[in-house]
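Trainee: This is a predicted model, with the sequence first.
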Amino acid sequence: MDRRWVLAGLAACLTLAGPAEAAPKGPLSHEGRWITDNRGRVVTLHGWNVVYKVGSYRPADAGFGANDMRFLRRHGFNTVRLGIIQNGVEPKLPGADGKPRYKRQYLRSIAQTQRQLGQHDIHTLLDVHQDLYNERFQGEGFPDWAVVGDARTLPAAPQQGFPANYLVMLALNRAFDHFWANDADTAGRPLQNSFAAMWRRIARRFRGRSHLLGYNILNEPWPGTAFPTCISTIGCPLFDTLTLEPFTERVIAAIRAVDRRALVWYAPLLLFDFGADTSHGNTGDARAGFAFNMYCLGDVLPGELDPIAGGVCDVGYGLTLGNAETQSQQTGDALLMTEFAATDDLAVVERVAELADQQMIGWQQWHYCDCDDPTTTGTGVQSLVSDPRKPPRGQNVSRAKLKVSSRPYPRLVSGTPVAYSFHRPTRRFELSYSTTTPAGKRLGRRALTEVFVPPVHYRRGYRLQVTGARVVSRRGARVLKLKRGRRAKMVTLTLGPRRLRPASP
């Protein structure tokens, strides 16, 4: 072949592709509720939880690896909430020298997974995860040595599994009581101090890493025996103010001793998931985020009610989302929905995804894989992929859940999103955004907006209508890139299929 034709072809491809623009590398920051990249563009995150709650607690040992990451990237998922279990980090008390015995190989495995995710442009939120505190209570999270006092001697009964044990098991609630009181383990170390020291070790290991979304302090804190006073729409004001907030500040101080840049995400009490408010105050940290989960009682009580019919869940969802927005307005902290839809009810999955679009909040869905989860409700119910040891294709993937979860969205906005929505039956996506950033700036025109276009919905291509910007990505690209007009103050985009097909259920 004539070399001139090869060079001409390459030049044509480069012209179609437009200016090169990589996914955000960080360090990620925030401007109020919005997550931002290092150029000030608003970052929207869609992704999954990957938490291995048994055995070695290493997701890699569950089979989660490069083929899963390629699968996630292909379908537009750009974040993973990666579970860390304290019982995996520090399963034993200090030795004779009094120094904590952290398992280096455990953190090395987590670090390798995070590095691989970054190589696939997937941002990792490191999440110290717990459910039901410890294996003694049919859960996981805290080490055996962190079960102290009467929590060790009271019967771990009745055993009704997750989440019912929170409501019926006194020993479980007393374990949390001792943790919140910062009581000492048998080595004389206050429990919260040891927890904060572990976070300092984690932050030292991960500081400065590419594609690090930050540190999620603790999944779903539970108030212990005080929980009956929290079952209302106002939540637990005294507990939040006197106990939970000081705990958050203690952990943040430990992290900031070694990492000043990464975002730190704190969580409200578990009851926030179902509509209870939080009174957690401002931590005073300029790089803090509010990480909340959102569920409906219908999600965790299958068969008791139809969670979508009649808008039963919408009341709780509205409370949770409204409370999250209020928290950000009062503190200036970023927002991220770190769990939702632990179910195979596609109506629930789609409804929450639609609400998140309306609120313009990023999310991490529960759960990528079955992964032998002891607090799940059955094989394939909560997962996208049943067994990560096998390739993510065929019957190993819930195609129906993938079609609901993989949706077009603005993963990078050179400005401030005003609204976006996706109507799956017609595959119509609409986006509008201001060309002024949340910080009040207009970025250079080379700072592109990027919209992910999922192949599961647009296999035959798509049609576009754009005002205020021009498309600089190649025709039919999976990532649509927009360059604003010189004087444009607002950009609008409408995207639809080339040929309408009936939507899959």
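Mentor: Arrived safely.
Trainee: and the spatially closest residue to Gly40 that is not a sequence neighbour, what are its phi and psi?
Mentor: With sequence-adjacent residues excluded and distances taken as Cβ to Cβ, 6 or more residues apart in numbering, Gly40 is closest to Thr437, at 5.0 Å. Placement of C-beta: from N, CA and C, glycine included. When read as degrees, to the nearest 10, the backbone of Thr437 gives phi -70, psi 170.
Trainee: What separation is there between Thr437 and Val50?
Mentor: According to Cβ to Cβ, to the nearest Å, Thr437 and Val50 sit 31 Å apart.
Trainee: between these two, who's got more neighbours?
Mentor: Val50 (26 against 21; other Cβ atoms under 10 Å).
Trainee: Would you mind measuring from Asp259 to Leu126?
Mentor: 11 Å.
Trainee: Same check on Tyr57?
Mentor: On the measure of Cβ to Cβ, Tyr57 and Leu126 end up 13 Å apart.
Trainee: who touches both of Asp259 and Leu126?
Mentor: Phe206 (Cβ atoms under 8 Å, 6 or more residues apart in numbering).
Trainee: The two - which one has more neighbours?
Mentor: Leu126 (27 against 23).
Trainee: wait, doesn't Val51 sit right on Phe64?
Mentor: No. Look at Val51 against Phe64 with Cβ atoms under 8 Å: they stay out of range, at 10.0 Å.
Trainee: how about the helices in the stretch 301-450 of the chain?
Mentor: For the stretch 301-450 of the chain, the helices defined by DSSP state H, counting those that start in this stretch occupy 312-331, 346-359, 399-405.
Trainee: Report the angle between the longest one and helix 346-359.
Mentor: For helix 312-331 and helix 346-359, the angle between their directions (axes from the mean of the first three to the mean of the last three Cα atoms, to 10 degrees) works out to 30 degrees.
Trainee: roughly how far is helix 312-331 from the heart of the chain?
Mentor: Counting by Cα atoms, centre = their mean, to the nearest Å, helix 312-331 is centred 17 Å from the centre of its parent chain.
Trainee: which other helices and strands contact it?
Mentor: strand 288-294, helix 297-300, strand 334-340, helix 346-359 (3 or more Cβ pairs under 8 Å, 6 or more residues apart in numbering; DSSP states H and E).
Trainee: Including mean neighbour count and distance to Asn182, could the helices of the stretch 301-450 of the chain go into JSON lines?
Mentor: Listed next are the helices of the stretch 301-450 of the chain as JSON lines, based on neighbours: other Cβ atoms under 10 Å; distance: least, Cβ to Cβ, whole Å:
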{"stretch": "helix 312-331", "mean neighbour count": "18", "distance to Asn182": "24"}
{"stretch": "helix 346-359", "mean neighbour count": "19", "distance to Asn182": "36"}
{"stretch": "helix 399-405", "mean neighbour count": "19", "distance to Asn182": "40"}
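Trainee: Paired strands for the helix or strand Leu495 falls within, with orientation please.
Mentor: For Leu495, the element it lies in under DSSP states H and E is strand 490-497. Next to strand 490-497 in the sheet, as set by DSSP bridges, lie strand 428-434 (antiparallel), strand 462-467 (antiparallel).
Trainee: which residue packs closest to Pro24, ignoring adjacent ones?
Mentor: In space, Pro24 is closest to Asp37, 3.4 Å off (Cβ to Cβ, 6+ apart).
Trainee: okay, the one you found: pLDDT?
Mentor: pLDDT for Asp37: 97.
Trainee: tell me the contacts of it?
Mentor: Counting by Cβ under 8 Å, 6+ apart, Asp37 has contacts 24-26, 28-29, 43, 412.
Trainee: change it to 7 Å
Mentor: Neighbouring residues of Asp37 by Cβ atoms under 7 Å, 6 or more residues apart in numbering: 24, 26, 28, 43, 412.
Trainee: And for Asp121?
Mentor: Taking Cβ under 7 Å, 6+ apart as the test, what Asp121 contacts is 23, 73, 78.
Trainee: Go through these and say which is closest to Val148.
Mentor: Among the contacts of Asp121, Asn78 lies closest to Val148 (Cβ to Cβ), at 40.4 Å.
Trainee: That closest one and Asn396: what is the separation?
Mentor: Counting by Cβ to Cβ, the gap from Asn78 to Asn396 is 22 Å.
Trainee: Same question for Arg470.
Mentor: From Arg470 over to Asn396 (counting by Cβ to Cβ), the distance is 41 Å.
Trainee: one step back: scan the contacts of Asp121 and report the most crowded one.
Mentor: Of those, with other Cβ under 10 Å as the count, Asn78 tops at 25 neighbours.
Trainee: right, and that one touches Tyr409 too?
Mentor: No. Look at Asn78 against Tyr409 with Cβ atoms under 7 Å: they stay out of range, at 9.5 Å.
Trainee: okay, and the common contacts of the two?
Mentor: His46.
Trainee: Poorly predicted segments of the chain, please.
Mentor: 1-22, 25, 298-310, 377-380, 499-505 (pLDDT under 70).
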